[in-house]
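Q: Let's see this in three dimensions:
(chains A and B)
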Protein chains: 2
Amino acid sequence: MPHIRPATANDHEAIWTIFHAVIATGDTYVFDPQMPREEALAYWFGAGTHTYVTEHEGEVVGTYIVKANQPALGSHVANAAFMVAPEARKLGIGKLMGQHCLEEAKRLGFRAMQFNFVVSTNEAAVRLWKQLGFEIIGTLPGAYQHARLGFVDAHVMFRQL
Amino acid sequence: MPHIRPATANDHEAIWTIFHAVIATGDTYVFDPQMPREEALAYWFGAGTHTYVTEHEGEVVGTYIVKANQPALGSHVANAAFMVAPEARKLGIGKLMGQHCLEEAKRLGFRAMQFNFVVSTNEAAVRLWKQLGFEIIGTLPGAYQHARLGFVDAHVMFRQL
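A: Numbers count the residues shown, from 1 in each chain, chains lettered A, B, ... in the order given. Presented below is the predicted three-dimensional model:
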C-alpha cells in the first residue's frame, strides 16, 4: 500500500527526480522545463509550505505541497500542487494524495482549497479534481503555453473544506 | 495634469505612505494591514516587477505595478496592482493608471492581463476594471477576510490585450 508522510531533506533527490520529469514535458506546469534543481527545491520546500511524499514499495513515487494561496486576509484558502513519478502513473497515487491533502488542509485550519492553474488539456487532472469535489469556477483563455499545443486554457478550481 | 512615470528609489517613502494607508483598512488587499515597510517595498519593487508612480501637483498620489502573473509557460499573461492615496481619490487617478498599465503591458509584450483577487465589495474597482474591458471570469466564494464584513467573495478578472 502506498504510504504518505511529511517530506524531509532526505527526500530531496527523489523529489527533484519526480519534479524534473514532470515539468520537462511542458504540458502541465507553468515552470520552465529547464528549471534548475535548487530553484525547484526552494519552491517545493518554501516558507509556509507543507511538503509530503508518497512511498510505494520502498520508493518515493509522488509528492505534494499544501500552503496558503494568499497572504494574511486570504490565507484561509489553501493551494496545493501534486506530482507523480511517470513510472508510477495509473496506480491511483494522485487520487490518494488528493484525498490526503484535503484532510491535511482541514487539519491545518484551511476553509477551502483553490487551484489557480489547472491546464485544461490535462484531462486526468481536471477529472480527478472534479471527482474530489472541486468545481471549475473560471477558465483563463490561452493562459498556458503548452509545449506541443501552443496557447491553451487553464482552469481555476475551488472547493470548500 | 497627473503624470505617470517609472518609480525610483526616491519614491520609496511616498509609495510606502500610500501602500500603508491602502492596506491599513483591510478591505481591498490581502496583505496584513500591519505589513512592515521593508516587506511592502520588497514586494512592490520585486524582481520582474515594473513599478510606476503618478505625480499630481508635485506629489506622488498613486502607484502601480505590472509583472508576469505566472512563471515561464504562463508568463505571457500580466498581473497588475494599483494604489491611490486616500486624499487623491475621485480624481480619476485609478482609471488613468489602468489605461497606462494596459499600454505598458502591451509594450512589454504581454498578451493578456489577469487580476487574481478583486474583492467583490470593492465596487469602485470592479466597476473600473469592467469599464476598461475586463471580465469577471470566476468568483472565489468567501476568499477574502474583510476587516468589517467578514468573509466575502473575490473575483478573478481577465482581459486580452
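
Q: hey, let's count contacts and neighbours off CA atoms from now on
A: Fine.

Q: On the three-state scheme, the residue nearest to residue A:4 when sequence neighbours are not counted is what?
A: In space, and not counting its chain neighbours, residue A:4 is closest to residue A:54: 4.3 Å by C-alpha to C-alpha, 6 or more residues apart in numbering or on different chains. In three-state terms, and counting by DSSP: H, G, I helix; E, B strand; the rest coil, residue A:54 is strand.

Q: any idea how far residue A:54 is from residue B:43?
A: As judged by C-alpha to C-alpha, to the nearest Å, residue A:54 and residue B:43 stand 34 Å apart.

Q: Looking at those two, which one has more neighbours?
A: A direct count of neighbours by other C-alpha atoms under 10 Å in any protein chain shown for residue A:54 and residue B:43 places residue A:54 higher, at 22 against 12.

Q: Next, the contact list for the more buried one, please.
A: Residues near residue A:54 by C-alpha atoms under 8 Å, 6 or more residues apart in numbering or on different chains: A:2, A:3, A:4, A:5, A:60, A:61, A:62, A:63, A:93, A:97.

Q: buried subset of those residues?
A: With burial judged by 16 or more other C-alpha atoms under 10 Å in any protein chain shown, the buried subset of those is A:2, A:4, A:60, A:61, A:62, A:63, A:93, A:97.

Q: What segments of chain A are strands?
A: Under the criterion DSSP state E, chain A contains strands at A:3-6, A:50-56, A:59-68, A:77-84, A:112-119, A:135-146, A:150-160.

Q: Let's have these in TSV, adding mean pLDDT.
A: Output for the strands of chain A, formatted as TSV (pLDDT from 0 to 100):
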stretch	mean pLDDT
strand A:3-6	98
strand A:50-56	98
strand A:59-68	98
strand A:77-84	98
strand A:112-119	98
strand A:135-146	98
strand A:150-160	98
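
Q: Is it possible to get TSV of those strands that adds distance to residue B:109?
A: As requested, the strands of chain A are exported to TSV (distance: least, C-alpha to C-alpha, whole Å):
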stretch	distance to residue B:109
strand A:3-6	41
strand A:50-56	35
strand A:59-68	30
strand A:77-84	29
strand A:112-119	21
strand A:135-146	14
strand A:150-160	15
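
Q: Between these, which one is closest to residue B:104.
A: Among the strands of chain A, strand A:135-146 comes nearest to residue B:104, with 18.9 Å by C-alpha to C-alpha.
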